[in-house]
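Trainee: Could you look at this predicted model? Sequence included:
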Amino acid sequence: MSRLRTIYTNFPKSDLKVAFFLAACILLAILALQASAVELVKTLEPDRGEDEELVVSTLSFDRSGKWLAMAGNDHHIRIYETSSFEKDSPYSPRLAVAKPKRILPGHINWIRSVTFLSGNEAILATGSADKTVKFWNVKTGKLEKELSVGFAVRRIACSPDGRQFVVAGFHNEVFLYALPRDWQRSVTANWRVEKLVAPTSDVRAVAISPDGKLLAAAGRSGTIRLWQLPTGRKLRDIKGDGRAVWALAFSGQQSLLAGGDAGVTQLYETRNGRSQRSYEGAEGPIRSIALIGDGLFVEGRTIATGPSLLVWSILGGKIKSLPGHIGTVETIAVQPRATGNGEIVATGGFDTAVKLWRAGEEWQRIARRRRASVHE
């Protein structure tokens with residue numbers, strides 16, 4: 001201690017002022033970065049019946065960022081034009097009753113998953129506990145095709161090229177469909193399906209890699225199974241801690257994020273199944289994960305205490321807690337459109353509301369630089 005006092009005493013006062021000033025600037029920059037990483041910009045209150053408690057279980061943007069689809073326990077699909085969110089002022093943070101462009105009342109049970117087909121922004125697929133998957137033209141509201149799969153559907157996904165379509169749920173098989181290029185011209189034709197042996201009879205999460213070459217599925221058993229696409233050949237199993245996995249998301253081509261009942265998100269290397277990093281800090285099961293740009297991801301969880309959304313850096317620790325929801329966050333969707341105002345993230349869950357968040361462009365640039373420096 002005396003040694004430190006001597007150093008402090010002998011240190012030039014002018015240099016001390018500069019050092020304190022620089023330290024204060026760095027601290028302020030860090031605080032500003034954390035504060036601007038992701039911010040709440042609007043809350044949408046979906047139009048619903050007076051006595052209806054709507055659970056938002058699934059959200060999806062189309063590739064152009066023009067459409068947002070929302071569905072849940074009321075068996076309806078609501079289709080919104082994202083341009084309507086900006087009518088008051090650009091992404092005003094005030095509460096707004098969102099008026100959908102159209103409502104599709106096509107299912108007779110809880111809708112668990114929706115996704116737009118890659119390469120066709122107008123076609124939306126919806127999977128339900130009524131054991132069907134339906135394909136809609138969101139511009140016209142027309143039902144184009146229906147698949148009866150024989151089990152309650154939890155998750156559906158489409159490959160980036162629009163040629164592979166995945167259906168999974170309360171069943172010991174994952175259905176991998178091959179979509180013909182002109183399927184809308186012959187909607188009554190049967191699609192070729194390959195049935196892949198699942199790692200559990202209760203599949204809760206599926207994900208397809210950005211290059212369309214890998215499929216991952218997991219659920220109650222905690223084991224993640226990887227297949228090669230488009231062949232459907234099994235590659236390997238990634239063993240977790242035995243607790244259920246609720247959410248999967250690919251980070252690049254060779255890394256996979258997984259979260260679930262353990263309350264920890266793991267980053268796995270798909271080539272060997274090894275865990276690269278753990279992200280701890282959630283106080284309940286992880287229910288959803290989404291990537292924002294190159295360097296961030298958001299996880300939604302079941303509320304225990306505190307905020308229900310956490311933002312992480314892929315290369316580091318927690319960036320920010322987002323206390324916008326007052327119930328379990330079931331779903332996260334990222335608007336795939338780069339704008340000067342950053343990327344928009346939509347979240348929904350048991351509190352009925354859909355929250356819109358903005359991920360700042362400046363953070364994205366910093367995250368990309370950090371990622372590049374690590375891989376050099």
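Mentor: All right, it came through fine.

Trainee: what's the least confident helix or strand in this protein, going by average pLDDT?
Mentor: The weakest-scoring helix or strand in the chain, judged by mean pLDDT, DSSP states H and E, is helix 2-10 (a mean of 43).

Trainee: Correct me if wrong: residue 335 contacts residue 61.
Mentor: Yes - counting by CB atoms under 8 Å, residue 61 is a contact partner of residue 335 at 4.7 Å. Backbone N, C-alpha and C define where each C-beta goes, glycine included.

Trainee: okay, and the common contacts of those two?
Mentor: Counting by CB atoms under 8 Å, 6 or more residues apart in numbering, the shared contacts of residue 335 and residue 61 are 68, 82, 346.

Trainee: Show the pLDDT at the closest residue to residue 123 other than its chain neighbours.
Mentor: Leaving aside its sequence neighbours, residue 123 sits nearest to residue 117 (CB to CB, 6 or more residues apart in numbering; 4.4 Å). What the model reports as pLDDT for residue 117 is 90.

Trainee: got a list of what residue 117 touches?
Mentor: Counting by CB under 8 Å, 6+ apart, residue 117 has contacts 123, 124, 125, 135, 158, 162, 165, 179.

Trainee: and with 6 Å instead?
Mentor: Counting by CB atoms under 6 Å, 6 or more residues apart in numbering, residue 117 touches 123, 158, 162.

Trainee: Next, format those residues as TSV and append neighbour count and distance to residue 150.
Mentor: Converted to TSV, the contacts of residue 117 look like this (neighbours: other CB atoms under 10 Å; distance: CB to CB, whole Å):
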residue	neighbour count	distance to residue 150
123	22	23
158	22	20
162	18	25
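
Trainee: Going by distance to residue 276, which of those wins?
Mentor: residue 158 (26.9 Å; CB to CB).

Trainee: got the contact list for the closest one?
Mentor: Contacts for residue 158 were tallied using CB under 6 Å, 6+ apart; they are 115, 117, 118, 165.

Trainee: Which one (most neighbours) among these?
Mentor: With neighbours taken as other CB atoms under 10 Å, the top of these is residue 165, carrying 25 neighbours.

Trainee: Please name the nearest non-neighbouring residue to that one.
Mentor: In space, residue 165 is closest to residue 177, 4.3 Å off (CB to CB, 6+ apart).

Trainee: Which secondary structure element is home to the one you found?
Mentor: Element membership for residue 177, per DSSP states H and E: strand 173-178.

Trainee: Check residue 135 too.
Mentor: strand 132-137.

Trainee: Let me know the next secondary structure element after that strand.
Mentor: Next along the chain after strand 132-137, taking DSSP H and E as the criterion, comes strand 142-148.

Trainee: what lines up beside that following strand in the sheet?
Mentor: strand 132-137 (antiparallel) (DSSP bridges).

Trainee: Keeping just the C-alphas, turn the partner strand into PDB.
Mentor: Below are the C-alpha coordinates for strand 132-137, written out as PDB (Å, rounded to 0.1, in the frame of the first residue of the first chain):
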ATOM      1  CA  THR A 132     -51.600 -29.600 -39.900                       C
ATOM      2  CA  VAL A 133     -49.200 -27.300 -41.700                       C
ATOM      3  CA  LYS A 134     -50.900 -24.700 -44.000                       C
ATOM      4  CA  PHE A 135     -49.400 -22.400 -46.700                       C
ATOM      5  CA  TRP A 136     -51.000 -19.000 -47.300                       C
ATOM      6  CA  ASN A 137     -50.700 -16.200 -49.800                       C
END
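
Trainee: buried residues in it?
Mentor: 132, 133, 134, 135, 136 (16 or more other CB atoms under 10 Å).

Trainee: what sits up against it?
Mentor: 104, 106, 122-127, 143-148, 167.

Trainee: what's the closest of those to residue 41?
Mentor: The closest of the contacts of strand 132-137, once distances to residue 41 are taken by CB to CB, is residue 124, at 24.4 Å.

Trainee: separation between the closest one and residue 106?
Mentor: Distance, residue 124 to residue 106, by CB to CB, to the nearest Å: 11 Å.

Trainee: Between the two, which is the more surrounded one?
Mentor: residue 124 (24 against 19).

Trainee: in terms of contact, does the more buried one touch residue 68 like I think?
Mentor: No - the pair residue 124 / residue 68 is not scored as a contact, 10.5 Å apart, by CB atoms under 6 Å.

Trainee: Low-confidence regions, the stretch 201-350 of the chain specifically.
Mentor: 282, 294, 302-307, 316, 337-342 (pLDDT under 70).

Trainee: now with 90?
Mentor: 240-242, 251-254, 261-264, 279-285, 291-329, 335-345, 349-350 (pLDDT under 90).

Trainee: Strands along that one, start to end?
Mentor: Assigned strands in the stretch 201-350 of the chain, in chain order: 203-208, 214-219, 224-228, 234-238, 245-251, 255-260, 265-269, 275-279, 286-292, 296-301, 309-313, 318-322, 329-334, 343-349 (criterion: DSSP state E, counting those that start in this stretch).

Trainee: could you dump those to CSV with distance to residue 357?
Mentor: Compiled in CSV, the strands of the stretch 201-350 of the chain are given as follows (distance: least, CB to CB, whole Å):
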stretch, distance to residue 357
strand 203-208, 21
strand 214-219, 26
strand 224-228, 28
strand 234-238, 30
strand 245-251, 17
strand 255-260, 18
strand 265-269, 18
strand 275-279, 18
strand 286-292, 9
strand 296-301, 8
strand 309-313, 8
strand 318-322, 7
strand 329-334, 9
strand 343-349, 4
